[in-house]
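1. let me see the structure of the following:
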Amino acid sequence: MKKIAITLGSVCLILTMAIFIQIKTVESITEEEGISLNDNAELKDEVLKWRQNYKDAYKKLEKTEKKLEEVRAQAATNSEVDIEVKNEITKNNALLGLTEVRGSGIIIKLDDNREVNAEEVLDINSYLVHEQDLIHIVNELFNAGADAISINGKRIVQTTSILCDGNILRVNEEMVGVPIEIKAIGYAERLYYNVAVRPGGYLRLMASDGVVVGIEKSDNITIPKYEGVYKYEYISSK
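-> You can find the predicted model right below:
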């Protein structure tokens with residue numbers, strides 16, 4: 001687009017110079033001869049020819065200038081479209097987890113209860129953090145409007161897997177261990193209410209079962225981008 005504008009600009013300049021030269025030529029002819037057009041038929045024909053050339057060149061100049069304005073307008077429009085597309089791509093990448101994001105929200109900390117003696121309780125598992133606990137919390141956060149979530153620095157995306165491999169928790173196929181730190185960006189008051197205050201909220205159930213639970217609001221949360229690769233095995237773009 002820039003090359004087209006430069007080319008058209010050069011054409012306009014050349015045509016303007018040609019018109020100027022033609023005007024000067026006519027003036028020079030009449031001044032040097034010192035006669036009127038009516039005194040010499042041949043000179044009259046020559047001047048008329050130059051006048052016609054001038055009109056033709058001027059028409060070309062007008063047409064080229066109009067084209068140049070159209071190119072400039074199109075370039076400005078394309079620039080606005082490019083910015084809009086770029087902003088849309090940036091927004092989509094953030095939602096897909098492909099870029100680091102910052103904002104306000106809440107931070108949840110979970111840990112096994114190490115003060116409990118396994119021999120003194122009926123079920124020690126209720127005092128430990130399990131994969132289903134993380135799944136429930138993530139679901140509650142998304143249902144409460146969280147824009148982005150991470151578990152121990154692992155970004156949660158639509159293809160994230162949260163699994164338990166023996167005593168090992170895996171998020172995005174990477175091992176994580178207690179203590180667990182869950183960060184969620186969103187409207188902090190709503191997120192906090194849904195997971196910490198609302199009757200039947202999962203964090204309240206975990207705390208009542210004996211798991212160590214902590215939660216706080218924050219205005220400065222950073223969640224890293226998703227480091228994995230999106231894999232789709234059963235969908236087609238056709």
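
2. where exactly do the strands run in this protein?
-> 101-111, 148-151, 154-155, 162-165, 168-171, 174-176, 180-185, 212-223 (DSSP state E).

3. let me see the confidence value for Lys225.
-> Lys225 carries a pLDDT value of 91.

4. burial measure for it, as a count.
-> Residue neighbour count, defined by other Cβ atoms under 10 Å, stands at 17 for Lys225. Quick note: C-beta positions are derived from backbone N, CA and C, even for glycine.

5. repeat that for Lys66.
-> 11.

6. can you give me the pLDDT of it?
-> So Lys66 comes in at 73 (pLDDT).

7. cool, and His130?
-> For His130, the predicted pLDDT is 91.

8. so how far is Lys225 from it?
-> With distances taken as Cβ to Cβ, to the nearest Å, His130 is found 27 Å from Lys225.

9. what do you get for Glu131?
-> For Glu131, the distance to Lys225 - Cβ to Cβ - is 23 Å.

10. kindly report the same for Tyr193.
-> Taken as Cβ to Cβ, the span from Tyr193 to Lys225 is 28 Å.

11. give me the neighbour count for the closest residue to Asp165 other than its chain neighbours.
-> Nearest in space to Asp165, with sequence neighbours left out and distances taken as Cβ to Cβ, 6 or more residues apart in numbering, is Met175 at 8.0 Å. Each residue near Met175 was counted by other Cβ under 10 Å, and the total is 10.

12. before we move on, what about the one 5 residues further on?
-> Using other Cβ under 10 Å as the criterion, Ile180 is surrounded by 20 other residues.

13. on that earlier part again, show me the contacts for the residue nearest to Asp165.
-> 165, 168-169 (Cβ atoms under 8 Å, 6 or more residues apart in numbering).

14. Ser126 now?
-> With Cβ under 8 Å, 6+ apart, Ser126 has these contacts: 209-211.

15. returning to that earlier point: from the strands of the chain, which stretch is densest packed?
-> strand 148-151 (a mean of 24; mean count of other Cβ atoms under 10 Å).

16. so where's the chain uncertain?
-> The model of the chain has pLDDT under 70 over residues 1-62, 64-65, 68, 72, 75-82, 84-95, 117-123, 230-238.

17. and which of the contacts of Met175 is nearest Ile106?
-> Nearest to Ile106 among those is Leu169, at 20.5 Å by Cβ to Cβ.

18. where do the helices sit along the protein?
-> 2-33, 41-96, 131-143, 188-192, 202-209 (DSSP state H).

19. just the CA atoms of the third one, as PDB, please.
-> By that I understand helix 131-143. Provided in PDB are the C-alpha atoms of helix 131-143 (Å, rounded to 0.1, in the frame of the first residue of the first chain):
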ATOM      1  CA  GLU A 131      -7.400 -34.200  42.700                       C
ATOM      2  CA  GLN A 132     -11.200 -34.100  43.100                       C
ATOM      3  CA  ASP A 133     -10.800 -31.300  45.600                       C
ATOM      4  CA  LEU A 134      -8.900 -29.200  43.000                       C
ATOM      5  CA  ILE A 135     -11.500 -30.100  40.300                       C
ATOM      6  CA  HIS A 136     -14.400 -28.900  42.500                       C
ATOM      7  CA  ILE A 137     -12.600 -25.700  43.400                       C
ATOM      8  CA  VAL A 138     -11.700 -24.900  39.800                       C
ATOM      9  CA  ASN A 139     -15.300 -25.500  38.700                       C
ATOM     10  CA  GLU A 140     -16.600 -23.200  41.400                       C
ATOM     11  CA  LEU A 141     -14.200 -20.500  40.400                       C
ATOM     12  CA  PHE A 142     -15.100 -20.600  36.800                       C
ATOM     13  CA  ASN A 143     -18.800 -20.700  37.600                       C
END
